[in-house]
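S.K.: Sequence and predicted structure below; questions after.
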Amino acid sequence: MIHDKTIDFIKSLYPNKNPIILHEPVFFGNEKKYMNDCIDSTFVSYVGKYVTQFEEMTSKYTGSKYAVAVVNGTAALQIALQIAGVKPDDEVITQSLTFVATVNAISHCGAKPVFIDVDKDTMGMSPEKLAYWLSKNTNYDKINKRTINQSTNQSISAIVPMHTFGFPCRINEIVEVANKYNIPVIEDSAESLGSLYKGKHTGTFGLAGVLSYNGNKTITTGGGGMIFTDDEEFAKKAKHITTTAKVPHKWEYIHDEVGYNYRMTNVTAAIGVAQMENLNEIIENKRQTAEKYRGFFQSYQSFNHSTIEFISEQAGSSSNYWLNCIQLENRKERDYFLEETNSNGVITRPIWRLMNKLDMYKDCQTGNLDNSDWLEDRIVNIPSGYRKQ
Ligand SMILES: Cc1ncc(COP(=O)(O)O)c(C=O)c1O
């Protein structure tokens, strides 16, 4: 076996686990206590203190002014896009290398995605490729202050960069480009809770950011999401339409627009509060694991025939190392690595099939996607969960 040393090393990081999965949730805090509190008090549903507490902890942690808890990250993205002004038949620019939920949320608004390439080093949207595509494919409608796609005549009403696997993309530069075209940025920071770009939390550069608390994320509530923003009106609107658009009244049921039941329950938020209490420790633990992987793969060449590169955070950014990534030499080496690890109790996964290659999105407009294609052939995620010490 070519990869036996790597497999042994990963097994030494996660002893007594078989198989070793990519990212296991951990509950070593007050989760049960707070859930019991919900049950004992009967506040298990939409009323209770934990939703507000979870929102306040998140806004404090991310440094954003407001946070609104919702059912999951996909719903968070959909609502953020709608409030940003995305309407049916509009177009939304995102990256081809992302998890399908980013693009599904665009579809849920009735809009069409346009796929732009990523940078090889961050695996997130490339500001240069974004600027190039906009300069070649759009006109600016000065009267309505909208950027229009020349080939479809539709408005481009949002840009959604994604911080892939927790590695911050060049979000400052992306927002600068977007501002020139008067297009709002909604950051898909579902994977990057705790990741910083130039000292500022990912998700706080554009109009709003979103988080996911799916079971495989850095912290989890079983399933859940968050919208966070500095814009008070945006936050109020997000709360309103995710809670059936009910107008406050002592007893009347009055709803002033078509709303959604996307609110997070008190039980879910209770888990979130307990998880937030341990977030710093979880991230520190994950960063230490990344350090161990970095050391291992640095000496890798000395005992193996091909190279494997460990992906590190870029200078000026700090990653939560949600999912650690390695880069194989080519697709054949990638597939060989996947085969050996997965058949020996170490779960590893390739990067997602590019969005423009999926049936439902294959006819969407794209820019040049060379880097995305290159990464799709080479990147593999390796086990990255919290390690009990
Ligand atoms: C990049 C990205 N966007 C959006 C989502 C959607 O989040 P959720 O699964 O909570 O709907 C996820 C995670 O699942 C994700 O990884």
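M.R.: Nice, thanks for sending it over. Residues are numbered from 1 along each chain as shown.

S.K.: what's around D230, how many residues?
M.R.: The number of residues packed near D230 is 14, by other Cβ atoms under 10 Å. (Glycine included, C-beta is placed from N, CA and C.)

S.K.: Pull the contacting residues for it.
M.R.: Counting by Cβ atoms under 8 Å, 6 or more residues apart in numbering, D230 makes contact with S64, K65, Y66, T204.

S.K.: I'd like to know the phi and psi angles of it, please.
M.R.: phi -100, psi 0 (degrees, to the nearest 10).

S.K.: How about stretch 183-190 and the ligand, any contact?
M.R.: Yes - shown here: stretch 183-190 in contact with the ligand (Cβ under 6 Å from any ligand atom) through D188, A190.

S.K.: Count the neighbours of the residue in the chain positioned nearest to the ligand for me.
M.R.: Relative to the ligand, the nearest point of the chain is G73 (2.4 Å; Cβ to the nearest ligand atom). Neighbour count of G73, defined by other Cβ under 10 Å: 27.

S.K.: Who does the residue nearest to it when sequence neighbours are not counted form a beta bridge with?
M.R.: Spatial nearest neighbour of G73, chain neighbours left out: S212 (2.8 Å); criterion: Cβ to Cβ, 6 or more residues apart in numbering. On the basis of DSSP bridges, S212 is bridged to G225.

S.K.: Now do the contacts for S212.
M.R.: Counting by Cβ under 8 Å, 6+ apart, S212 touches N72, G73, T74, A76, A101, A190, E191, G224, G225.

S.K.: Read off the pLDDT value for the last one.
M.R.: Looking at G225, its pLDDT is 98.

S.K.: contact partners of the helix ranked longest in the chain?
M.R.: In the chain, with assignment by DSSP state H, the single longest helix is helix 279-298. Here helix 279-298 makes contact (Cβ under 8 Å, 6+ apart) with 6, 9, 13, 26, 61, 193-194, 218-219, 275, 308-310, 312, 319-322, 324, 326, 382, 384-387, 389.

S.K.: taking these one by one, which sit in strands?
M.R.: E309, F310, N324, I326, I382 (DSSP state E).

S.K.: Just the buried residues from these, in PyMOL please.
M.R.: Per 16 or more other Cβ atoms under 10 Å, the buried members of the ones in strands among the contacts of helix 279-298 correspond to this PyMOL selection:
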select buried, resi 309+310+324+326+382
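
S.K.: Let's have the ones in strands among the contacts of helix 279-298 in CSV, adding distance to G367 and pLDDT.
M.R.: Converted to CSV, the ones in strands among the contacts of helix 279-298 look like this (distance: Cβ to Cβ, whole Å; pLDDT from 0 to 100):
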residue, distance to G367, pLDDT
E309, 26, 94
F310, 29, 97
N324, 28, 98
I326, 27, 98
I382, 30, 98
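
S.K.: Leaving out sequence neighbours, find the closest residue to the residue positioned nearest the centre of the chain.
M.R.: Nearest to the mean C-alpha position of the chain, by Cα atoms, centre = their mean, lies A190 at 2.5 Å. Nearest residue to A190, sequence neighbours excluded (Cβ to Cβ, 6+ apart): S212, at 3.8 Å.

S.K.: any idea of the pLDDT on the one you found?
M.R.: Looking at S212, the pLDDT reads 98.

S.K.: Can you give me the distance of it to S41?
M.R.: S212 is 27 Å from S41, where distance means Cβ to Cβ, to the nearest Å.

S.K.: Could you do A111 as well?
M.R.: According to Cβ to Cβ, A111 and S41 sit 41 Å apart.

S.K.: Between these two, point out the one with more neighbours.
M.R.: Set side by side, A111 and S41 show more neighbours around A111, with 23 against 12, by other Cβ under 10 Å.

S.K.: Buried members of the contacts of D230 into PyMOL, please.
M.R.: To isolate the buried members of these in PyMOL, using 16+ other Cβ under 10 Å:
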select buried, resi 64+66+204
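
S.K.: closest to Q150 among the contacts of D230?
M.R.: In terms of Cβ to Cβ, no member of the contacts of D230 lies closer to Q150 than T204, at 32.5 Å.

S.K.: What separation do you get for that closest one and K198?
M.R.: For T204, the distance to K198 - Cβ to Cβ - is 11 Å.

S.K.: Export only the CA atoms of stretch 333-345, formatted as CSV.
M.R.: These are the backbone C-alpha positions of stretch 333-345, laid out as CSV (Å, rounded to 0.1, in the frame of the first residue of the first chain):
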residue,chain,number,x,y,z
GLU,A,333,-3.4,10.0,-7.6
ARG,A,334,-6.4,11.5,-6.0
ASP,A,335,-8.6,8.5,-6.8
TYR,A,336,-5.9,6.1,-5.6
PHE,A,337,-5.7,7.9,-2.3
LEU,A,338,-9.5,7.9,-1.9
GLU,A,339,-9.6,4.2,-2.6
GLU,A,340,-6.8,3.3,-0.1
THR,A,341,-8.0,5.4,2.7
ASN,A,342,-11.7,4.7,2.5
SER,A,343,-11.2,1.0,2.3
ASN,A,344,-8.9,1.1,5.4
GLY,A,345,-11.2,2.8,7.9
